[in-house]
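Colleague: take this sequence and fold it.
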Amino acid sequence: MLDIKFLRANPEVVKENIKRKHQEDRLPLVDEVIALDEQYRSVLARAEALRAQRNAGSKEIGALMGQKKLEEAEAKKAEIAAMGEALASLGEQEKELAAKVRDIMRRIPQIMDPSVPLGKDDSENVEIARYGEPVVPAFEIPYHTDIMESFAGLDLDSARRTSGNGFYFLMGDVARLHSAVLSYARDFMIDRGFTYCIPPFMIRMNVIEGVMSFADLQDMVYKIQDEDLYLIGTSEHSMIGKFIDSINPKESLPQCLTSYSPCFRKEVGAHGIEERGVFRVHQFEKQEMIVVCEPEDSLAWFDKLWGNSVEFFRSLDIPVRTFECCSGDLGDLKVKQYDVEGWSPRQRKYAFELGSCSTLGDAQARRLGIRIKGSNGNYFAHTLNNTVVAPPRMLIAFLENNLREDGSVRIPEILRPYMGGKSELRA
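Modeller: Numbering: from 1, shown residues only. This next block holds a predicted model:
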């Protein structure tokens, strides 16, 4: 969420940012919120002036009573009472206008970094670099469900009976591989100085409103009936929410956390649920990384975070590429975003979305009240997040890239301690 003072002083900058994001339908919001903000400040000024009058009038009453001017004192009391009613009315207007301003400000996108490439949608995202040599084997790579089922490692039919589409049973060595990858991801991040955390898996609406845009809300979040609690779609939300309404000493920053959690998503948007497989599902598990830092450090941390993703997947022998999301594909709260895609030997292209690294500037901090204690006053922190790994989706890339012609799957050496020393999977 932008600072209303910045918007008030730079409306054309905000409008140009909206145009660069190809969100022309939101342009009227800028003038609308400026007008509402003007009304809001006018109400505040009138209320302040009226309070000053009331305070002065209250003092007059005491003086009149001391002078035995009872009729004048009673008249002044009536006048003060009317002022009280007027102040109550102004207070209601103030609340109403503040809510309207806040609602519109949440719909105006964050100012993007100048380096973000221009483009209308994800078809115009820009490739940054490739890491590792993609291999297309001489044999045919089966669909991922067939690979998993060859190890008796996937049961979608039972999951449909217990839970419906979008759920799954992982079994045996495939389930063990799933857990091994998460354990390795945890230690990978701890070795890079991040503090390990298991966060709450449910959060309140005020946290959700602070960490994500309303456009994503209905398509993602499951609500707990009769409770102000929602299942998390990613542990980033809990982890950033951990700092709500906090004032952090400069010496305590950066806060670098890595978290494990299950994640729950409705996935009712354009992509929908994948019935044949585990690429897009209602439930999955994830290792995440987040940083809360000084504003001047956020872009340096951004580079470190996506670099962690590349290093992680290359350690598992998965070729990856990074690309930058263009202006039209950048979420409302995001300043800059890189995605990491894994190579699919079966599809002969980079096809697996393995991670998404974002810096959100002070957007989340401003909504949640995450401040830094400065020598000349407090100011908002910057927040960043990035996926470490999110199986079972990631397992598809792993299995395809490590599958052998005889149907066995090679376990990279770095993962073997987490698999009880196994060097391969065999049916």
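
Colleague: report the longest helix in this structure, please.
Modeller: For the chain, the helix with the greatest residue count under DSSP state H is helix 27-66.

Colleague: ok, L44 - contacts?
Modeller: When contacts are counted by CB atoms under 8 Å, 6 or more residues apart in numbering, L44 is found next to E94. C-betas here are computed from N, CA, C, even on glycine.

Colleague: the longest helix of the chain: how far from the chain's middle?
Modeller: Centre-to-centre, helix 27-66 and its host chain are 38 Å apart (CA atoms, centre = their mean, to the nearest Å).

Colleague: and the helix or strand following that helix, what's buried?
Modeller: Using DSSP states H and E, the helix or strand that directly follows helix 27-66 along the chain is helix 70-105. If you call a residue buried by 16 or more other CB atoms under 10 Å, then helix 70-105 has these buried ones: 73, 76, 80, 83, 87, 90, 93-94, 97, 100-101, 104-105.

Colleague: still on that earlier bit, relative orientation of the longest helix of the chain and helix 70-105 in degrees?
Modeller: Inter-element angle recorded for helix 27-66 and helix 70-105: 160 degrees (by axes from the mean of the first three to the mean of the last three CA atoms, to 10 degrees).

Colleague: worst-scoring helix or strand of this structure, pLDDT-wise?
Modeller: Within the chain, no helix or strand scores below helix 214-220, which has a mean of 65 by mean pLDDT, DSSP states H and E.

Colleague: so after that helix, what's the next helix or strand?
Modeller: strand 222-223.

Colleague: parallel or antiparallel, which strands does the helix or strand just after that next one pair with?
Modeller: Downstream of strand 222-223, the next assigned helix or strand under DSSP H and E is strand 230-231. Paired with strand 230-231 in the same sheet, following DSSP bridges, are strand 202-203 (antiparallel), strand 222-223 (antiparallel).

Colleague: nearest to T387, of those strands?
Modeller: Closest approach to T387 among the strands paired with strand 230-231 (CB to CB): strand 202-203, 18.4 Å.

Colleague: run through the helices of the stretch 101-250 of the chain in chain order.
Modeller: Using DSSP state H, counting those that start in this stretch, the helices assigned to the stretch 101-250 of the chain run over residues 144-150, 156-162, 172-190, 205-211, 214-220, 235-241.

Colleague: worst mean pLDDT among the ones you listed?
Modeller: Between the helices of the stretch 101-250 of the chain, the lowest average pLDDT goes to helix 214-220, which shows a mean of 65.

Colleague: any weak-confidence spans in this protein?
Modeller: Judged by pLDDT under 70, the chain has its weakly predicted residues at 57, 61, 64, 74, 214-219, 268-275.

Colleague: domains of it?
Modeller: In terms of domains, the chain is parsed into 4-107, 122-425 (source: automatic domain parsing).

Colleague: which ones are touching the closest residue to S183 other than its chain neighbours?
Modeller: Computed as CB to CB, 6 or more residues apart in numbering, the closest residue to S183 that is not its neighbour in sequence is Y418, at 4.9 Å. Contact analysis of Y418 by CB under 8 Å, 6+ apart lists 179-181, 183-184.

Colleague: look at the nearest residue to K120 once chain neighbours are set aside and tell me its secondary structure.
Modeller: Excluding the flanking residues, the one nearest K120 by CB to CB, 6+ apart is G328, at 4.3 Å. Using DSSP: H, G, I helix; E, B strand; the rest coil, the structure places G328 in helix.

Colleague: do a quick rundown of the strands in the stretch 301-427 of the chain.
Modeller: Secondary structure of the stretch 301-427 of the chain (DSSP state E, counting those that start in this stretch): strands located at 320-324, 336-344, 349-359, 370-373, 379-380, 382-389, 409-410, 424-425.

Colleague: for the helices of the stretch 101-250 of the chain, give me CSV that also has mean neighbour count and distance to I414.
Modeller: Shown next, in CSV, are those (neighbours: other CB atoms under 10 Å; distance: least, CB to CB, whole Å):
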stretch, mean neighbour count, distance to I414
helix 144-150, 20, 21
helix 156-162, 13, 30
helix 172-190, 19, 7
helix 205-211, 19, 33
helix 214-220, 14, 33
helix 235-241, 26, 24
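
Colleague: to Q23, which of the strands of the stretch 301-427 of the chain lies closest?
Modeller: In terms of CB to CB, the element of the strands of the stretch 301-427 of the chain nearest to Q23 is strand 336-344, at 16.1 Å.

Colleague: my read: Y40 touches K95, true?
Modeller: No: using CB atoms under 8 Å as the test, Y40 is too far from K95 to be in contact (9.9 Å).

Colleague: any idea how many residues pack against Q23?
Modeller: Neighbour count of Q23, defined by other CB atoms under 10 Å: 17.

Colleague: for it, give me the backbone phi and psi.
Modeller: In terms of degrees, to the nearest 10, the main-chain angles of Q23 are phi -120, psi 50.

Colleague: distance of the closest residue to it other than its chain neighbours relative to R367?
Modeller: Distance criterion CB to CB, 6+ apart; nearest residue to Q23, sequence neighbours excluded, is P109 at 6.7 Å. Remark: distance between P109 and R367 (CB to CB, to the nearest Å) = 13 Å.

Colleague: mind putting the helices of the stretch 101-250 of the chain into a markdown table with distance to V116?
Modeller: Converted to a markdown table, the helices of the stretch 101-250 of the chain look like this (distance: least, CB to CB, whole Å):
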| stretch | distance to V116 |
| --- | --- |
| helix 144-150 | 33 |
| helix 156-162 | 39 |
| helix 172-190 | 27 |
| helix 205-211 | 21 |
| helix 214-220 | 19 |
| helix 235-241 | 20 |
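
Colleague: helices and strands around the helix or strand harbouring L299, which ones?
Modeller: Using DSSP H and E, the element containing L299 is helix 298-315. Counting contacts by 3 or more CB pairs under 8 Å, 6 or more residues apart in numbering; DSSP states H and E, helix 298-315 is packed against helix 172-190, strand 283-293, strand 320-324, strand 336-344, strand 349-359, strand 382-389.

Colleague: could you redo the last one with a cut-off of 6 Å?
Modeller: In terms of contacts (3 or more CB pairs under 6 Å, 6 or more residues apart in numbering; DSSP states H and E), helix 298-315 is packed against strand 349-359, strand 382-389.

Colleague: which residues touch the shortest one?
Modeller: Think strand 382-389. 181, 185, 189, 236, 240, 287, 289-293, 295, 298, 301-302, 305, 355-362, 364-365 (CB atoms under 6 Å, 6 or more residues apart in numbering).

Colleague: and these, which of them are buried?
Modeller: With burial judged by 16+ other CB under 10 Å, the buried subset of these is 181, 185, 189, 236, 240, 287, 289-293, 298, 301-302, 305, 355-362, 364-365.
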